[in-house]
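[1] For reference, the sequence and a predicted model appear below.
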Amino acid sequence: MKDTLHIWDSELPQPVSESQILLWRSYIESKLDKTVSLPRLVEDNSDLLKARYLAWVFDLGEKTIEGKRLVDHLELRPGFSFWWMTLISEKCNYSASPQIADAIRLLAFDLWSRENRVGSVRLTSDNKALAACVRHWCSARGVTFYWDIQPSNETSSSLLLRVYRGLPARLKALIQFSRHIWSHWPLRGAGLDEWEKSKGDITFFSYLSNLENDVGQKGGFSSNFWGRLPDELSKNHCKTNWLHIFVSDSSHPTAKHGKIKIERFNKMGRGSQVHTALEAFLSWSIAYNTLKDWFSILKFVKVLEPTISSVDSEGVHLWPLYKEEWRSSLRGAPAIMTILNLNLFEAAVGVLPRQRIGVYLYEQQAWEIALIHSWKTEGHGVLVGAQHSTMLDWDMRYFHDPRNYERSNHNDLPMPHMVATNGQAIMEKSLKAGYPKDNLIGVEALRYLYLDILTKGKTTCEFTTTGVPRLLVLGDYLESNTKNQMDLLVRTLVSFPLDIVITVKPHPASMIDASDYPEIDIKVTMAPLGDLLEDCDLAYSSSVTSAAVDAYCFDVPVITALDSNALNLSPLRNCDGVYFVSTSEELSEALRSITSRNFGSYEKKDFFTLDSELPRWKKLLLETNT
């Protein structure tokens, strides 16, 4: 039948069929064999689909149950709702909530169906939650539904891991909570005396990671997140406070090492800088209060679910994709760890002398919501969220339904007083997304100042005189993204051999071993990115890594490997001259297209605001009064 639709959600080759085929996770499509790519439909209708999804999340929070909104039921402190720290509200499709990609594709499928006749649907998939959503869609529209259940492609795991996964969510949450307390307990008290007696009136909230190794090993504090800003503030006799969230790193693999590092920072800072860690405020009372708060919201899992599970997006039922995430957000490990951070931030800012201004890394994570509430409750001054990297079009954390920005003065979305954007590109995206214009301010891109120096005097882009192109591979934070990227490169060079020199720079959190890819000759290095960009002809990145922007700004041609299982999270999405590939044929064509040219004029990219004198940051931090 001409109105039979086959939704193909499988890595196996698609079938030969007279039916219309909708490819759930492939960018390949053809009018000849009647295949349509859902990922491409998503890209073609991105603004509309994003708005529909954000509206659905908003409607969940506003759903009334027994006369009260969901956000009001989950009020954890006066005027502060736990809703804003749940996984559903956070919307981290980068890692924590990958099912968002399926939700967006369901909305794209619904949009496509409005212009195409659908009499019956056959779904080939191993995704039970997706099948439930499609079955509901078909039932509501009188469409016949068939499900070809595919065997799960999950890799086998150890017996111990399988036993752990089978434990009740509450028990797993308590296990993770106990392990976290135990492993971070050595940080307790690190820098607390200095913190409570601090004379500084500016506080930074950051991670104990991404430090400059050559400086950090000597004891001084220097962070790639903040560039030269700490030194510039010290030169202006400005005393600062620094609260670090511990992240295991090669230079401080354990909490004990982290405590030593913080003590060194304080010693070298000589009072101009005061350092502590969020985990330094751990105590038995903090642990008790965390458990008490957690128990107070556990009851809402079953009380609220029957009502909010009925909330749909213009007739599209999404709840099967979110049922487990909802439960995990309230009774699982994410819930108890988020509440622990709330109690730690309350303790940290509660003993801090009143601050004129606070600055934190703006990524829209749950801990930031806890910080905003704690900071404002204690009556400190202006709080600034610093956009330290790029803003991805499909990173849903950065976006809210515009109605969330309206203030009702009761359980509103916690927002900083200002968001500091590091370039015109992010400023425009923020305004387009509906973020209040008066709450945005432009500053210099601290992490990218080296680009200003690197590009000065550069007038041309040309390949090495040897004629052998040099490819720089930029690894990703997530191991799965890096593997997808490397596997595509291997398949391409095996199928379409090309004389090329390959240098790989892994992300520190996801190292790459050259022996894992014996089919191709690669050199793995951790050299500074700036040095590598000067010594390459083209760059190859995953669909997420922000390092691709460094290459783009240096006018190095960029090829990005798309992940068909996820949304296009590239920071260079919609940028001219960037190649997006998903198959060996497309990657081979991109490589040959770029390497066939000899030279070209250098084109400066105004992606970031670059000024090593930091006039905007200085004005914000040194001249803001409260």
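    Cool, the structure landed.
[2] The spatially most central residue of the chain and Pro414: what is the separation?
    Nearest to the mean C-alpha position of the chain, counting by Cα atoms, centre = their mean, stands Tyr94 at 4.8 Å. According to Cβ to Cβ, to the nearest Å, Tyr94 and Pro414 sit 21 Å apart. The C-beta positions use only the backbone N, C-alpha and C, and glycine is treated the same way.
[3] How about Asp126?
    Per Cβ to Cβ, Asp126 is found 38 Å from Pro414.
[4] again with Phe265
    From Phe265 across to Pro414, the span is 29 Å (Cβ to Cβ).
[5] pLDDT score assigned to Asn93?
    pLDDT, Asn93: 89.
[6] Need the three-state assignment for it.
    Using DSSP: H, G, I helix; E, B strand; the rest coil, the structure places Asn93 in coil.
[7] nearest residue to it other than its sequence neighbours?
    Spatial nearest neighbour of Asn93, chain neighbours left out: Ile100 (3.7 Å); criterion: Cβ to Cβ, 6 or more residues apart in numbering.
[8] my guess is that neighbour meets Tyr53, correct?
    Yes: if you go by Cβ atoms under 8 Å, Ile100 and Tyr53 touch, sitting 7.4 Å apart.
[9] Give the residues shared as contacts by these two.
    Shared contacts of Ile100 and Tyr53 (Cβ atoms under 8 Å, 6 or more residues apart in numbering): Met396.
[10] and Asp126 and Pro414? which has more neighbours close in?
    Taking neighbours as other Cβ atoms under 10 Å, Asp126 and Pro414 compare with Pro414 leading, 20 against 16.
[11] Within the helices and strands, which one has the closest residue to that one other than its chain neighbours?
    Take Pro414 and drop its neighbours on the chain: the residue closest to it by Cβ to Cβ, 6+ apart is Ile372, 4.0 Å away. Per DSSP states H and E, Ile372 falls inside helix 366-377.
[12] what about Leu413, how many neighbours?
    Leu413, neighbours per other Cβ under 10 Å, totals 20.
[13] Could you point out the helix or strand that follows the helix-or-strand element of the chain with minimal mean pLDDT?
    When each helix and strand of the chain is scored by mean pLDDT, DSSP states H and E, helix 213-216 comes last, with a mean of 50. Using DSSP H and E, the helix or strand that follows helix 213-216 in sequence is helix 229-235.
[14] Using CSV, write out every CA atom in that next one.
    Taking only C-alpha atoms (Å, rounded to 0.1, in the frame of the first residue of the first chain), the coordinates of helix 229-235 have been written out as CSV:
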residue,chain,number,x,y,z
LEU,A,229,41.9,37.1,34.4
PRO,A,230,43.1,36.0,37.9
ASP,A,231,46.5,37.6,37.2
GLU,A,232,44.9,40.8,35.9
LEU,A,233,42.7,41.1,39.0
SER,A,234,45.8,40.6,41.2
LYS,A,235,47.6,43.4,39.3
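[15] So in terms of bridging, what pairs with Thr203?
    For Thr203, the beta-bridge partners under DSSP bridges are Asn241, Gly358.
[16] wait, what's in contact with it?
    Contacts for Thr203 (Cβ under 8 Å, 6+ apart) come out as 240-243, 352, 355, 357-359, 380.
[17] Can you get me a residue count around the nearest residue to Arg69 once chain neighbours are set aside?
    Nearest non-adjacent residue to Arg69, counting by Cβ to Cβ, 6+ apart: Glu62, 5.5 Å away. Neighbourhood size, Glu62 [other Cβ under 10 Å]: 15.
[18] Pro78 versus Glu62, what's the distance?
    20 Å.
[19] residue ranges for the helices of the stretch 451-600 of the chain, please.
    Here the stretch 451-600 of the chain has its helices, by DSSP state H, counting those that start in this stretch, at 479-495, 529-533, 547-553, 584-595.
[20] Point out the most buried one among those helices.
    Neighbour counts (mean count of other Cβ atoms under 10 Å) averaged over each of these peak at helix 547-553, with a mean of 24.
[21] Only C-alpha atoms, please: export that one in CSV.
    Only the C-alpha atoms of helix 547-553 are listed here, as CSV (Å, rounded to 0.1, in the frame of the first residue of the first chain):
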residue,chain,number,x,y,z
ALA,A,547,38.0,22.5,19.8
ALA,A,548,36.6,22.6,16.3
VAL,A,549,35.9,26.3,16.9
ASP,A,550,39.5,26.9,17.6
ALA,A,551,40.4,25.5,14.2
TYR,A,552,37.6,27.4,12.5
CYS,A,553,38.7,30.7,14.0
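[22] Quick one: mean pLDDT over that helix.
    Mean pLDDT, computed over helix 547-553, is 91.
[23] for that helix, packing partners?
    Applying 3 or more Cβ pairs under 8 Å, 6 or more residues apart in numbering; DSSP states H and E, one finds that helix 547-553 contacts helix 449-455, strand 470-474, helix 529-533, strand 538-541, strand 558-561.
[24] And for that helix, what's in contact with it?
    Residues from elsewhere that reach helix 547-553 (Cβ under 8 Å, 6+ apart): 390, 448, 451, 455, 472, 474, 505, 529-530, 533, 536, 539, 541, 558, 560, 570-572, 575, 578, 605, 607-608.
[25] rerun that using 7 Å as the cut-off
    Helix 547-553 has contacts (Cβ atoms under 7 Å, 6 or more residues apart in numbering) with 390, 448, 451, 474, 529, 533, 539, 541, 558, 560, 570-572, 575, 578, 605, 607-608.
[26] repeat for stretch 490-508
    Residues from elsewhere that reach stretch 490-508 (Cβ under 7 Å, 6+ apart): 468-477, 512, 517, 519-526, 529, 532, 536, 545, 584, 587-588, 591.
[27] Tell me which stretches of the stretch 251-400 of the chain form strands.
    In the stretch 251-400 of the chain, the strands defined using DSSP state E, counting those that start in this stretch lie at 273-277, 357-361, 382-386.
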